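Chemist: Quick one: sequence plus predicted model below, questions after.
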Amino acid sequence: MQRCVQTGALNQSIILRIKKAAMGFNSIVMVKQVPDTANISGQVMKEDGTVNRAKLPAIFNHEDRVAIELALQIKDKFGGKVTAITMGPPRASDILRECLYMGADEAYLISDRKFAGADTLATSYVLSEAIKKIGGYDFVFAGRQAIDGDTAQVGPQTAEKLHIPQITYSEEILGIKDGSVQIKRKIDGGFEVLESKLPLLVTVIKDAVSPRPFKARRVMAYKNARTLLELEKLTEGNSLLYIDQLKDDYVNKGLYIHTLTMDDLKLDESRCGVHGSPTKVHKVESVVLAGGSHEMIEPTKEGISRLIDQLLEDHILG
Amino acid sequence: MEKLNKDVWVFVEQRDGKPADVSFELLSKGRKLAKNLNGNLKSVVIGHDVLALAEETFRFGAVEAIVVDHKELGHYRTMPYSRIINQLIEKEKPRVMLFGATIIGRDLAPRVASYTKSGLTADCTDLQVSDVQYLRKDYKDLLLQIRPAFGGNIIATIISPDVQTQMATVREGVMRMEPLEKHVKGKIRNIEYTPDPVDELVKLIEQHRQENKVNLKAAPIIVAGGYGMRTKANFELIRELADLLGGEVAGTRAAVDAGFINHDRQVGQTGVTVRPKLYIACAISGAIQHRAGMQEANKIIAINSDPEAPIFGVAHYGIVGDAIEIIPRFINVFKQKLR
């Protein structure tokens, strides 16, 4: 009898382990739509020196696409599910569709006017609550940083709020075994290999892997994926369409991009958006150049010769 | 009303027991901030056998070194380090805490800021203390955290008015390292390390680190190229000129991103800050992130085909023209003079 129970327990644990292996590893990937700060033209700058965000082209933050790729590689190898999430304005659904084109299974848009003006602390609060609601994850992935702020703070701050460890600046996933993952990461002047228990938050650098191109079949399928806000737009001025029916229809077709607001997540408003952000922009100045103080040198042989003489005389050269 | 703590803390980073330069740079800056705040400068030193390092911080004006010394803490690991600092901040509530914007600092500072709900600004290029009026409220002695933003088109001053601890990270080389002639008589305060199971969630398996061979900061002459060099082959011209002048080669972030040159030679906000005797900027338009890293050079020569390029705003000598034609001309003229 005793032995029977033990064998039963053993079988149970083996079954659980096999089941876990068969289920693979679930990843939630935090992605961000960013203004293309590398290509700012004159039109984008307002007269007062601030930036007109609306005029900037919006792109998929590159390191976040690398994060999606890493999550997809884990899925390819071990099975599991990849869920892309973004906090942003309604138009950020563009990058969620791109995640679906690459191979993500599901996507979530976390959007609310009350999230506007969030710094990294308020952003990580919202994202961590969304991740808790989605749940069932082994990995949370993100790019190391987004090109609009270059802060690299949201990843670690989200990990802290989820009470899970973090590995930042990751270059390569070396292996996953017995609930632990080995990761090679960049450090100042070299690299190190860390082994972490799961769940874990991982931020990745751009050299880690190349994101895969979109699959044509998936583009055809998911170009019609819609957020709740986009479906609501469809029903506007069309009395024959009911939003609940339309949503159910899209859910059934697998074309629904989950949409979560502050209320859906039952968030504390004082921790969201501008209210939840300890850092404030006190002053913004357009960059003023001293200008005019330099000496113009003719681009000719003679001009350059005189310049070099001057530098030699001043003991700057030689 | 409870008296506010006005202390400035600096996290002193060490790798294999060797201190990072940025920590001493931050202590030098922190000394001035502490004076403006009427507070004390304190160093936070975590590691193994770090007593000598803790004492070295007195040379930069720390009046107290808070030391957590344990053999488990020799190598930086996120969990124990952040846990230790979280507890210290929660208990003692410093007014300002500074971290180097190194890989360690950028891993550690946000985790600590999240736990302590502090404001944190990354990659500041300047820090000041000033009274501030914000939304019609007066705040005394706030930390102004100044950094370029939005692709360098603007300079933003960030404040954290309603938190106790204002945090910032600063890149290496941005602040000047200024040791005192006579070091202060500081106090060592040892804090005991109490292990916790969460410290063991992540284990270090192996670590490889090489001394950085490139030392741009010490180079008297630097020849730098931008994306405007167009190809990696053209970038060889930069190398040729640098060799001829006995200088070092450097590049902008765009040049690094384009693969013309390695990241360890990047000058600017997200690279190295340099103050050489001569800086020759070739085909560099001069985004503020780049200028932030080189504008304090003694003499700057800018070569650019666009006469409106911002780089001319910080240059002492300007040459308008295509760098790819002008560099060989420069090389020829200089060689003739050497004869």
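Modeler: Here it is on my side, so go on.
Chemist: The closest residue to chain A within chain B: how many residues sit nearby?
Modeler: Proximity to chain A, evaluated over chain B using C-beta to the nearest C-beta, is greatest for residue B:313 at 2.9 Å. Quick note: C-beta positions are derived from backbone N, CA and C, even for glycine. Each residue near residue B:313 was counted by other C-beta atoms under 10 Å in any protein chain shown, and the total is 20.
Chemist: Kindly provide the distance from it to residue A:221.
Modeler: Separation of residue B:313 from residue A:221 (C-beta to C-beta, to the nearest Å): 52 Å.
Chemist: residues in contact with residue B:107?
Modeler: A:156, A:166, A:168, A:169, B:78 (C-beta atoms under 8 Å, 6 or more residues apart in numbering or on different chains).
Chemist: Let me see the ranges of the helices in the stretch 1-150 of chain B.
Modeler: Taking DSSP state H, counting those that start in this stretch as the criterion, the stretch 1-150 of chain B contains helices spanning B:21-37, B:51-56, B:78-92, B:103-116.
Chemist: Of the ones you listed, which stretch is the most buried?
Modeler: Of all these, helix B:103-116 carries the top mean neighbour count, a mean of 25, counting by mean count of other C-beta atoms under 10 Å in any protein chain shown.
Chemist: list the helices and strands the helix or strand containing residue A:109 packs on?
Modeler: Residue A:109 is part of strand A:106-110, with elements assigned from DSSP states H and E. The contact analysis (3 or more C-beta pairs under 8 Å, 6 or more residues apart in numbering or on different chains; DSSP states H and E) places strand A:106-110 against strand A:82-87, helix A:93-102, helix A:120-134, strand A:256-260.
Chemist: taking the mean pLDDT, what do you get for the helix or strand following the shortest one?
Modeler: When you say that, I think you mean strand A:256-260. As assigned by DSSP H and E, the chain's next helix or strand after strand A:256-260 is strand A:280-286. For strand A:280-286, the mean per-residue pLDDT is 88.
Chemist: what does stretch B:80-87 give?
Modeler: Stretch B:80-87 carries an average pLDDT of 98.
Chemist: Stretch B:221-234 too?
Modeler: On average, stretch B:221-234 scores 96.
Chemist: Return the set of buried residues in that stretch.
Modeler: Neighbour-count burial for stretch B:221-234, counted by 16 or more other C-beta atoms under 10 Å in any protein chain shown, picks out B:221, B:222, B:223, B:224, B:225, B:226, B:227, B:228, B:229, B:230, B:234.
Chemist: Skip the chain neighbours and tell me the closest residue to the fourth one.
Modeler: The spatially closest residue to residue B:224, leaving aside those adjacent along the chain, is residue B:250, at 4.0 Å (C-beta to C-beta, 6 or more residues apart in numbering or on different chains).
Chemist: ditto for the first one
Modeler: Spatially, and ignoring its direct neighbours in sequence, residue B:221 is nearest to residue B:247 (3.1 Å; C-beta to C-beta, 6+ apart).
Chemist: Isn't the one you found up against residue B:218?
Modeler: No. At 11.5 Å, residue B:247 does not count as touching residue B:218 under the criterion of C-beta atoms under 8 Å.
Chemist: In terms of neighbours, single out the busier of these two.
Modeler: Counted by other C-beta under 10 Å, residue B:247 and residue B:218 do not tie: residue B:247 has more neighbours, with 23 against 9.
Chemist: Give the phi and psi angles for that one, as a check.
Modeler: phi -110, psi -180 (degrees, to the nearest 10).
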